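Undergrad: My questions are about this predicted structure, shown below with the sequence.
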Number of protein chains: 2
Amino acid sequence: MSPLGRLYGLGIGPGDPELLTLKAHRILTTVPVIAYPTLENGKVLARAIVADFIRPDQIEIPMPLPFSVERSSQPYYDIAAEKIAEQLSLGRDVAVLCVGDPMLYGSFMYILNRLAGRFAIEVVPGISSVMASAAMLGVPITYRNDVFSIMPGTLEAEILRDRLSQVDAAAIIKLGRHFAKVRDILAELGLLNRALYIERATLPNQKIIPITEVDPEAVTYWSLILVPSTTQPQ
Amino acid sequence: MSPLGRLYGLGIGPGDPELLTLKAHRILTTVPVIAYPTLENGKVLARAIVADFIRPDQIEIPMPLPFSVERSSQPYYDIAAEKIAEQLSLGRDVAVLCVGDPMLYGSFMYILNRLAGRFAIEVVPGISSVMASAAMLGVPITYRNDVFSIMPGTLEAEILRDRLSQVDAAAIIKLGRHFAKVRDILAELGLLNRALYIERATLPNQKIIPITEVDPEAVTYWSLILVPSTTQPQ
C-alpha cells in the first residue's frame, strides 16, 4: 500500500501571481493534484491567479460552491473533501489553492476541519488582501501601540458601529452590497475622511476610487475599505 | 543627470526565506542597493533571513536603531533616510528589507514618511508573522462574520482588557517582558484555554509551548499569542 499523500493549504495571495511565496510556487509546481473553489457564476479566481504555473499533467479538482447566502456551503465541502481524500489515499499530495491567506476567512478551513486527523496537513501562509491593499494604497496601517481590526462588512450595523468606534485602524472586507451601510457608519463616526477604498488589489483591473465617489451598486466582493492609523510617530 | 532611483519597501516575511514572495525575491536579487535595520545588540534578523539571496556586488546600508524604549528612534531614521536618499539620487534603486509586512507595525514606514514625494516608492507586501503563526499552529483564525484584532502586548492593561473582551479572535504581538500581564488578562477574561503561544514562527528555532508553561522571563519580542475564533461553521 502506498503511503498517504500530504494535504497543503496553499495561500496564493491577493491576485498578482508574483505575490505567491517561493514556497507556494514550489509546492504548486510539484504536487500531482491541485484543488480550488469555483463558484456557480463561473468565477474561478484562485485558478486564474496561478494559471501560468499549472502543468498539463497535474490533476485538477474543482470544488463547486454556491455563491448565495441562502444555501449552506457545507454539503459542497463534504463532497470536495471526499474527492481530495480519495487522491490523498492514493498517496498523492494535494494542494488546495487559497486566495489570500488560508487561515483568515479562507474556505480551506472547511477542508482542514474535515480531513484533520486523517492526513498530514501543512498550511502555507499567503499575502492577505488586507496587507496588499495597504501596499497598493501606499499607506501605513499601524504604528507602535495601535490596535488593528479586520471585520466583514456583512456584520449588523450596530456591531460594525461599535467595533469601528474603538479601533485605531481597521480594514472592512466583504463589502459587496454592504458598502452603503459601511460608508454611512464611517460618516456617522467621523471616519469617512480617513477611509480609503480599493477593489481587486494587485490585479490588472485594480481600482482605487475616492470613497465618496464609489457607486454602491457597483461594489464587488473583492474590495475593501482601509481606515489607517492616525498615530504620528515621534 | 541620471534619473532618480526607485525606493522599495520590501516585505520579506516572518523568517523562513522561502516565504519571500516571487516579487520580493526578484527585486531583492536585482536592485543595486539594499538597506536593513540593525539593532545595537547586534541582532540583524532582516538581513539574516535573506542572506543566501544577497550578491557580493550589492551595496548594503545597515540602518542602526536603538533597542530601547528610553531613546527615540527618530534621529536614527533621519540618518538612515538620508543615506538611502543619497543612493536614490545617484539613480540607484534601493530595497529596504522589512521583516513581516512593511505596513503593519513596520519600521519602513518611518523611511516612507521621510522620502515620500522626493522619490518614487513601491511597497511589496509580505507575509505577516500573524498569518504565519496561525499556519504553523494549524489553527484557523477567523470564519465568516468574525472580527479579528491585532494588538501589541505593550498596551496598558486596562486597554488590553477592554479590547480583548470584545473581539472574536485576536493576535497579541510584541510580547517580550509584557507576557505575564497579557497572560493574566487572558486568564481573567476566561480566554487562557483558547490562547496559543508561538515564538520565532517559521524560523529553525521556532517553538510552540502550552501557554501555561511559558516562562515569562524567557519570552522574546519575536513571539505572539493567538486567540483563534470559536465560531463553528455550519
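TA: Looks like it came in fine.
Undergrad: contacts, neighbours, all on C-alpha from now
TA: Fine.
Undergrad: the strands in chain A, which residues?
TA: For chain A, the strands defined by DSSP state E cover A:6-13, A:33-39, A:59-65, A:94-99, A:120-124, A:148-152, A:169-173, A:196-199, A:207-209, A:223-227.
Undergrad: closest to chain B out of the ones you listed?
TA: Proximity to chain B (CA to the nearest CA) singles out strand A:148-152 among the strands of chain A, at 4.1 Å.
Undergrad: Please work out the angle formed by the directions of the closest one and strand B:148-152.
TA: 180 degrees (axes from the mean of the first three to the mean of the last three CA atoms, to 10 degrees).
Undergrad: residues contacting the residue positioned nearest the centre of chain A?
TA: The centroid of chain A falls nearest to A:Gly100 when counting by CA atoms, centre = their mean (4.0 Å). With contact taken as CA atoms under 8 Å, 6 or more residues apart in numbering or on different chains, A:Gly100 is in contact with A:Gly11, A:Ile12, A:Gly13, A:Pro14, A:Gly15, A:Gly106, A:Gly126, A:Ile127, A:Ser128, A:Ser129.
Undergrad: From those residues, which land in helices?
TA: A:Ser129 (DSSP state H).
Undergrad: if we can go back for a sec, on the pLDDT front, check the residue nearest to the centre of chain A for me.
TA: You'll see A:Gly100 listed with a pLDDT of 97.
Undergrad: Dig out what it forms beta bridges with.
TA: A:Gly100 has the following beta-bridge partners by DSSP bridges: A:Gly13.
Undergrad: where's it relative to chain B, distance?
TA: 10 Å (CA to the nearest CA, to the nearest Å).
Undergrad: Tell me how far that residue lies from B:Gly117.
TA: Relative to B:Gly117, A:Gly100 is positioned 30 Å away (CA to CA, to the nearest Å).
Undergrad: got it, and A:Asp101?
TA: 32 Å.
Undergrad: ok, the two, which is more surrounded?
TA: A:Asp101 (30 against 9; other CA atoms under 10 Å in any protein chain shown).
Undergrad: Save the strands of chain A as CSV, and put in mean neighbour count too.
TA: Below are those laid out as CSV (neighbours: other CA atoms under 10 Å in any protein chain shown):
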stretch, mean neighbour count
strand A:6-13, 28
strand A:33-39, 21
strand A:59-65, 18
strand A:94-99, 28
strand A:120-124, 20
strand A:148-152, 24
strand A:169-173, 24
strand A:196-199, 22
strand A:207-209, 15
strand A:223-227, 25
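Undergrad: so can I have CSV of the ones you listed showing distance to B:Ser133?
TA: Below are the strands of chain A laid out as CSV (distance: least, CA to CA, whole Å):
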stretch, distance to B:Ser133
strand A:6-13, 14
strand A:33-39, 23
strand A:59-65, 27
strand A:94-99, 17
strand A:120-124, 10
strand A:148-152, 17
strand A:169-173, 20
strand A:196-199, 27
strand A:207-209, 31
strand A:223-227, 23
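Undergrad: which stretch among those comes nearest B:Leu191?
TA: Comparing the strands of chain A by their distance to B:Leu191 (CA to CA), the top pick is strand A:148-152, with 18.3 Å.
Undergrad: between the strands of chain A, which gets nearest to B:Ala24?
TA: Nearest of the strands of chain A (CA to CA): strand A:6-13, 13.2 Å.
Undergrad: mean confidence score for the closest one?
TA: The model assigns strand A:6-13 a mean pLDDT of 98.
Undergrad: Stretch A:19-37 too?
TA: On average, stretch A:19-37 scores 98.
Undergrad: does any part of that stretch sit near chain B?
TA: Yes: using CA under 8 Å from any CA of the partner chain, stretch A:19-37 reaches chain B at A:Leu19, A:Leu20, A:Thr21, A:Leu22, A:Lys23.
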